[in-house]
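Participant: predicted model follows, preceded by the sequence.
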Amino acid sequence: MKYASLCPIAVYLPEKAETNEQLQKEYPQWDMELIYAKTGIATRHIAAADECASDLGVAAARKLFDQFDIDPQSIDFLLFCTQTPDYPLPTTACLMQERLGLSNGVGALDFNLGCSGFVYGLALADGLSRLGSTRRILLITAETYSKYIHPTDRSLRTIFGDGAAATLIEAAEEPALSAFQFGTDGSGADNGSGRKICPTCGGSGQVRRSSGFFSIASPCSTCSGEGYVIENPCSGCRGSGLVRKRQRIKVTIPPGIESGKRISIPGQGDSGPSGGPSGDLYVDINVKGHRYFERDRNDIYCVVPISLTQASLGTDILVKTLDDKKIKVKIPPGTQNGKILRIKNEGVPFLHNNARRGDMYIRIVVRVPVKLSHKERELLSKLAELRGDESSPEPVPLSEL
């Protein structure tokens, strides 16, 4: 029988480094001295925008091959441990096999673990060695946590960085590794105290109450219908398996949306109980008013002032639209105060058909000068004489306004 033997290890760290001093400048409220005293971390290496976990892992493996003169064709099995794979599918290890120049007869698989990943990888390699089908196993661990951590998350950003390690494990005649002992407790109980059958319902999750000929079953109030209770729940989640945390996400607002509409973002709601799938996030929209425009469905309205002479003689004016562009609007001669001009296709886009837009309506306000110069008064007086303005005008029916 063959056994796994731990051989050379090589590591790769991205070029970009993030120091405590840099974080302190970015977030002055963070006590980086205290964080360093607790964690001992002064620098984190951060993957570039175009670097994935496979890139880091391949770089570490190539470094291992070069430093220790290892022939890639001699590798029989590739184990890749990561929680930040390049894709959900296909297996990242399969992509790395080709990039590293390993033979087509090599086995390759991913496994998703964090802190315990290296130990699990050794155990897997030991098991493969005992089967006798592998002589050389390449174990690669790589993470790009920085791509998933929010910039303001002090608890995670100050601890986690990015990097990779490549380890060669060879088959040996004698055991080189101690026996592995594993344990898992996902119950939510503190210190592994575990769950116990609910004393009220006996594990059924229901209690029955009889009244005459009727028997009514209802969820057990002690265990909330679960059938078990946790005597010493975890202090972080209180046994629920969930912790509350703030997160900022980017939401795309489609053009033409109105107040009262709701946007659904799948998978961004609260996590499900007992490891269940996350719910959806619903965003209720409230459109903020504009300083100059008012909206009526897909049409917009605005008010534009013009002078008395512009209204009388007619002119062309430039008016800003909702898109902040300027369009030329023709003011016909004799335009009256309050006249509304319609500009087609300059309104709000339709929500489900952005190629269509509403119209823009411009209400004209004729501004009468308040203070006149001597020359202006003379000219207007002559205009009044020429037009024969009446000193006793007839009233206008309100229906004509």
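Facilitator: Right, received. Where do you want to start? Residues are numbered from 1 along each chain as shown.

Participant: state the distance from residue 48 to residue 11.
Facilitator: From residue 48 over to residue 11 the distance is 17 Å, taken as C-beta to C-beta, to the nearest Å. (C-beta placed from N, C-alpha, C; glycine too.)

Participant: ok, those two, which is more surrounded?
Facilitator: residue 11 (15 against 12; other C-beta atoms under 10 Å).

Participant: give me the distance between the more buried one and residue 78.
Facilitator: Noted for residue 11: a distance of 17 Å to residue 78, by C-beta to C-beta.

Participant: could you do residue 12 as well?
Facilitator: Per C-beta to C-beta, residue 12 is found 16 Å from residue 78.

Participant: residue 147 touches residue 50, doesn't it?
Facilitator: No - applying C-beta atoms under 8 Å, one finds residue 147 not in contact with residue 50, separated by 11.1 Å.

Participant: comparing those two, which residue is more hemmed in?
Facilitator: Taking other C-beta under 10 Å, residue 147 and residue 50 do not tie; residue 147 has more neighbours (14 against 6).

Participant: so where's the stretch 201-350 of the chain uncertain?
Facilitator: Applying pLDDT under 70 to the stretch 201-350 of the chain flags residues 211-213, 235-241, 273-276.

Participant: where does residue 63 sit: helix, strand or coil?
Facilitator: Here residue 63 is helix, with the state taken from DSSP: H, G, I helix; E, B strand; the rest coil.

Participant: equivalent analysis for residue 139, please.
Facilitator: Assignment for residue 139 (three-state DSSP): strand.

Participant: tell me the buried residues in the strand or helix carrying residue 283?
Facilitator: Taking DSSP states H and E as the definition, residue 283 sits inside strand 281-284. Across strand 281-284, burial judged by 16 or more other C-beta atoms under 10 Å covers residue 281.

Participant: need the contact partners of that strand.
Facilitator: Contact partners of strand 281-284, identified using C-beta atoms under 8 Å, 6 or more residues apart in numbering, comprise 249, 251, 260-265, 268-269.

Participant: now do stretch 209-218
Facilitator: With contact meaning C-beta under 8 Å, 6+ apart, stretch 209-218 is reached by 206-208.

Participant: in that stretch, what's buried?
Facilitator: Buried-residue list, stretch 209-218, by 16+ other C-beta under 10 Å: empty.

Participant: outline the domain layout of this structure.
Facilitator: As assigned by automatic domain parsing, the chain contains the domains 3-172, 185-244, 294-381.

Participant: out of these, deepest packed?
Facilitator: domain 3-172 (a mean of 17; mean count of other C-beta atoms under 10 Å).

Participant: can you tell me the centre-most residue of this structure?
Facilitator: residue 249 (3.6 Å; C-alpha atoms, centre = their mean).

Participant: the helices in this protein, which residues?
Facilitator: Using DSSP state H, the helices of the chain run over 20-26, 32-39, 53-67, 92-100, 117-131, 154-157, 308-313, 374-387.

Participant: in JSON lines: the ones you listed, plus distance to residue 329.
Facilitator: Formatted as JSON lines, the helices of the chain follow (distance: least, C-beta to C-beta, whole Å):
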{"stretch": "helix 20-26", "distance to residue 329": "48"}
{"stretch": "helix 32-39", "distance to residue 329": "58"}
{"stretch": "helix 53-67", "distance to residue 329": "56"}
{"stretch": "helix 92-100", "distance to residue 329": "59"}
{"stretch": "helix 117-131", "distance to residue 329": "67"}
{"stretch": "helix 154-157", "distance to residue 329": "53"}
{"stretch": "helix 308-313", "distance to residue 329": "11"}
{"stretch": "helix 374-387", "distance to residue 329": "26"}
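
Participant: quick one: which of those is nearest residue 225?
Facilitator: Among these, the nearest to residue 225 by C-beta to C-beta is helix 154-157 (33.1 Å).

Participant: return the distance of the closest one from the chain's centre.
Facilitator: Averaged C-alpha coordinates place helix 154-157 at 17 Å from its chain's average position (C-alpha atoms, centre = their mean, to the nearest Å).

Participant: any idea what residue 217 is bridged to?
Facilitator: Beta-bridge pairing for residue 217 (DSSP bridges): residue 208.

Participant: mind showing which ranges of the stretch 1-150 of the chain have poor pLDDT?
Facilitator: 1-4.

Participant: with that, I have no additional questions.
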